[in-house]
Every structure is written in C-alpha cells, then in structure tokens.
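> Got a sequence here, can you build the structure:
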Amino acid sequence: MRIHGFALSDIGRVRQENQDSSGLFPEHNLFVVADGMGGHKGGKQASETAVATIQQSLPPPGPTAEFDAALARFVDAVGRANQRILERAASDAALERMGTTLVALLLDGQSGGAVVHVGDSRAYRLRGGELELLTSDHTIVNDLLRDHEISEAEAKAHPYRHVLTRALGAGGDATADVRRITVEAEDVYVLCSDGISGMLAAEEICAILVTHAADPQAVCRQLIEAANRAGGKDNATVIAVRCAPD
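Take a look at the predicted model:
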C-alpha cells in the first residue's frame, strides 16, 4: 500500500496568531496535528513542543519496527511531550497553563494502524463514500452529550462547548485515547484542529473528501477555504492521508 500525506495550516480570519502545529513523518507513516492554547504565545510554544518531542522520539531510518512497539513508543512520546510542556510553563510565568491538543495517525503500511488523541482535535476516515469520526472530543459538552444530559442542538450553543477535559500541559488530565483501526486501499484519513471541525458540518467535510479523495493536497486546500468562508473563527490545520493500492 502506498501512503500519501499532505498538511496545510491557516491563521483564519479572526485570530492574530496561528497556534497550531503539525508534523508529517512519512518514513514512519506518522502524521500529527496539535492545537495550542494559552496567551503570550504559550499556545504556539505548547503545540510546537509537542510535535518536536514526538519528532525527537522517532528512531533513525532503518528496518521498520514491529507495530505494537512503534505504537507504544509513540504513546510514551506523547507522555514526554506533556511533561516538557509542563516544565516550560513552570519556568516562565507568562506561559502558565499553556497546553495543546494532539491527534495522530500511525499506520503499519499494510492493513492496520492506530489513532491517538488528547483534546478536541479530530480524526476522520472516508471509506466507500461514507465519513466516520474516529475520535471522541475530550470536552465538557461531549461528556454531557454522551450522558444524555443535553441535546445536539443545546451542545452547539453551550457556553462551555470549547472547554477541554483533557490536554497536554495545562496541569490536568493528559491521558491519550488509543484506537486501533483497520486500513483499506482507497481510505482517506483527515486529521484536523477545531478550526476545521468547528466550522464545517460532517456533511460538508464528507462532500469535500468524496470530491477530492485522490488528491490530499486538494482536500486540505478545500477544507481550509470552506472553513474560512464559514467565518474562519479559529486557526485551521489539516492533514489528509490517502492509502493508495500498490
């Protein structure tokens, strides 16, 4: 299976700084998006620290590691990223409470993989013309929805809809969810910050993926353009990954 990935990020139409970061590591079949938070440039430093820590954890080029070992090493790197963000925040009062979300796709290059995430950055999969959300937002509102305490309509207007229950840094719960997935030829995966998922309905995301499934670059450009047309209220970062048959 041939794996093609592309990443794109945009500041949006409202924010003064882009606090998102991303990493493409095709030699490891690894793709990462991080959405930082915190004033005084703390959010950008947090997301950059997360991606840099993960990059530093990757082994040098060589024989492909057994997937379970590669996944365990990656999850450990996410934990180290959390610790490094906390250490940087503790060393500078201006960075207090900085943090970041993280969503990552790790593939074995054959028929398996995993999605790892903390926070509300999302992973989607397009398969057979249907879009599936592969992550569950770590937010107060999503917890309320899951417990049937509020409706979908109430969730969209809830004052705490952007409040996270998990993040790297920020001093709270940083536990990563790990979801094993099967991978098929012609799958398209999208990792994105909430500057995409918060501006576009699932139906809009699906339509763009169906139209541009063969071109990850076009998927990224079209998603960001659509998010900006919808208001561009946040930074928008997206990675699109296509699994092509050999």
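> SS state for the residue nearest the centre of the chain?
The centroid of the chain falls nearest to Val103 when counting by CA atoms, centre = their mean (3.1 Å). Per DSSP: H, G, I helix; E, B strand; the rest coil, the local secondary structure of Val103 is strand.
> likewise Thr237?
Following three-state DSSP, the label given to Thr237 is strand.
> ok so, going back, and the residue nearest to the centre of the chain, what are its bridge partners?
Val103 forms beta bridges with Val33, His117, as assigned by DSSP bridges.
> Quick check: it vs Gly169, distance?
Distance of Val103 to Gly169, given as CB to CB, to the nearest Å: 16 Å. Where C-beta positions appear, they are placed from N, C-alpha and C, glycine not excepted.
> in this protein, which helix or strand is least confident?
Least confident helix or strand of the chain, by mean pLDDT, DSSP states H and E, is helix 152-157 with a mean of 86.
> Which of the residues in that helix are classified as buried?
For helix 152-157, the neighbour count (16 or more other CB atoms under 10 Å) marks Ala155 as buried.
> Quick one: residues contacting Glu132.
By CB atoms under 8 Å, 6 or more residues apart in numbering, the contact list for Glu132 reads Tyr124, Arg125, Leu126.
> Strands - which of those land there?
Tyr124, Arg125, Leu126 (DSSP state E).
> burial of the last one, as a residue count?
The tally of other residues near Leu126 (other CB atoms under 10 Å) stands at 22.
> How about the first one?
Tyr124 sits with 23 neighbouring residues when counted by other CB under 10 Å.
> quick one: contacts for it?
Leu131, Glu132, Leu133, Leu134, Tyr189, Val190, Cys192, Ile205, Leu209.
> Okay, and which of these map to strands?
Leu131, Glu132, Leu133, Tyr189, Val190, Cys192.
> circling back: check which helices and strands whatever helix or strand comes next after the least confident helix or strand of the chain sits against.
Next helix or strand after helix 152-157 toward the C-terminus (DSSP states H and E): strand 168-169. In terms of contacts (3 or more CB pairs under 8 Å, 6 or more residues apart in numbering; DSSP states H and E), strand 168-169 is packed against helix 42-57, helix 67-90, strand 99-100.
> Among the ones you listed, which comes closest to Leu223?
Nearest to Leu223, of all the helices and strands packed on strand 168-169, is helix 42-57, at 18.8 Å by CB to CB.
> got the contact list for the closest one?
By CB under 8 Å, 6+ apart, helix 42-57 touches 17-23, 25, 30, 32, 34-38, 73-74, 76-78, 80-81, 84-85, 88-89, 94-100, 102, 104, 168-169.
> Now with 6 Å, please.
19, 21, 23, 32, 34, 36-37, 77, 80-81, 84-85, 95, 98-100, 102, 168-169 (CB atoms under 6 Å, 6 or more residues apart in numbering).
> Would you list the buried entries among those?
19, 21, 23, 32, 34, 36-37, 77, 81, 84-85, 95, 98-100, 102, 168-169.
> Using PDB, write out the CA atom coordinates for stretch 98-106.
The C-alpha coordinates for stretch 98-106 follow below in PDB (Å, rounded to 0.1, in the frame of the first residue of the first chain):
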ATOM      1  CA  MET A  98      -0.300  26.700  28.300                       C
ATOM      2  CA  GLY A  99      -1.300  23.500  26.600                       C
ATOM      3  CA  THR A 100      -2.200  21.700  23.400                       C
ATOM      4  CA  THR A 101      -4.500  19.100  21.900                       C
ATOM      5  CA  LEU A 102      -3.000  16.400  19.800                       C
ATOM      6  CA  VAL A 103      -4.300  13.900  17.300                       C
ATOM      7  CA  ALA A 104      -2.100  11.500  15.400                       C
ATOM      8  CA  LEU A 105      -2.400   8.700  12.800                       C
ATOM      9  CA  LEU A 106       0.200   5.900  12.900                       C
END
